[in-house]
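> Show me the folded form of this:
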Amino acid sequence: GFVSRVTRGRPWVRVKLAASLDGRTALAGGASRWITGAAARADVQQFRARSSVVLTGAGTVLADDPELNVRIDGASSQPLRALLDSQLRVPPTARLFAGAGPTVVFTAALDAGRRGALEQRGVRVESVPVAAGGGLDLGAVLARLAALEANEVWVEAGPRLAGALLAARLADELVIYLAPCLLGPQALPLAQLPELQSLDARLALRYESVEQCGDDLRIIARCLV
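As a prediction, the model looks like this:
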């Protein structure tokens with residue numbers, strides 16, 4: 001992570017995904033608790049604990065209201081929790097803004113009232129530009145996190161943000177927990193990616209490790225740019 005920040009101007013980015021064996025992360029209605037088992041969820045805590053930042057999107061927070069903190073006995077510090085919320089849709093009462101550890105919201109919204117309400121909760125609010133295709137400029141977000149001396153970013157988000165990071169070639173690793181179950185084609189995919197016109201345009205990965213984690217598999221795959 002430190003080398004990435006110094007040489008590329010952005011942190012090392014790991015995207016965590018929990019899915020069924022057929023690559024589905026939630027039912028069509030959004031239900032996803034719990035696809036994977038307790039051992040996989042405990043393993044996620046270890047990755048959170050080693051990370052400088054835990055990054056998520058507004059859709060995930062509105063759907064699940066997570067805290068995204070480290071829940072390990074004896075944990076000496078908490079990572080920065082970063083939220084991408086272009087229109088400041090997440091209310092100040094969200095659990096993400098409570099508890100231990102600092103929080104920052106990246107937004108393009110100019111609503112002074114909403115910004116003020118978050119700042120009263122101790123949340124840092126930062127403005128970033130909008131990308132050409134819509135949504136926040138993810139490169140600008142990562143550059144700002146690098147300026148805050150973040151070395152490793154752990155992403156826990158839905159298929160839209162995961163797909164955007166992958167499509168922009170801003171994800172360095174995927175950490176995928178695969179559960180021994182099938183959810184079917186109507187369930188949500190791992191990542192929302194643009195349609196490919198040829199196999200030559202596919203996103204290439206390299207397996208780094210495949211290990212059993214309780215009843216699940218943990219696959220770490222390096223993104224090849």
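> Could you double-check that V128 lies in contact with V105?
No. Counting by Cβ atoms under 8 Å, V128 sits too far from V105 to count as a contact (10.2 Å). (C-beta placed from N, C-alpha, C; glycine too.)
> between those two, which one's more packed in?
Using other Cβ atoms under 10 Å as the criterion, V128 and V105 rank with V105 on top: 24 against 18.
> Who are the contact partners of R160?
Applying Cβ atoms under 8 Å, 6 or more residues apart in numbering, we find R160 in contact with 57, 59, 192.
> distance of the last one from A117?
With the distance defined as Cβ to Cβ, to the nearest Å, Q192 ends up 30 Å from A117.
> just the first one next, same as before
Between G57 and A117 the distance, using Cβ to Cβ, works out to 20 Å.
> beta partners for the spatially most central residue of the chain?
When Cα atoms, centre = their mean is applied to the chain, the residue found nearest the centroid is V155 (2.2 Å). V155 has these beta-bridge partners by DSSP bridges: V15, L55.
> Would you check how far apart it and V175 are?
To V175, V155 is 9 Å away according to Cβ to Cβ.
> hang on, the earlier thing: so for G57 and A117, which residue has more residues nearby?
G57 (24 against 17).
> Quick check, the more buried one in contact with Q87.
No. Between G57 and Q87 there is no contact under Cβ under 8 Å: 11.8 Å.
> okay, and the common contacts of the two?
By Cβ under 8 Å, 6+ apart, G57 and Q87 have no common neighbours.
> of the contacts of R160, closest to S198?
Closest approach between the contacts of R160 and S198, by Cβ to Cβ: Q192, at 19.3 Å.
> Just say helix, strand or coil for that closest one.
Following DSSP: H, G, I helix; E, B strand; the rest coil, we place Q192 in the coil state.
> Let me know the pLDDT of the closest residue to C181 other than its chain neighbours.
Closest residue to C181 apart from its sequence neighbours, by Cβ to Cβ, 6 or more residues apart in numbering: S20 at 5.0 Å. We have a pLDDT of 95 for S20.
> Can you report how many residues lie near S20?
19.
> in the longest helix anywhere in the chain, what counts as buried?
The helix that spans the most residues within the chain, counting by DSSP state H, is helix 38-50. Neighbour counts over helix 38-50 (16 or more other Cβ atoms under 10 Å) mark 40-41, 43-44, 47-49 as buried.
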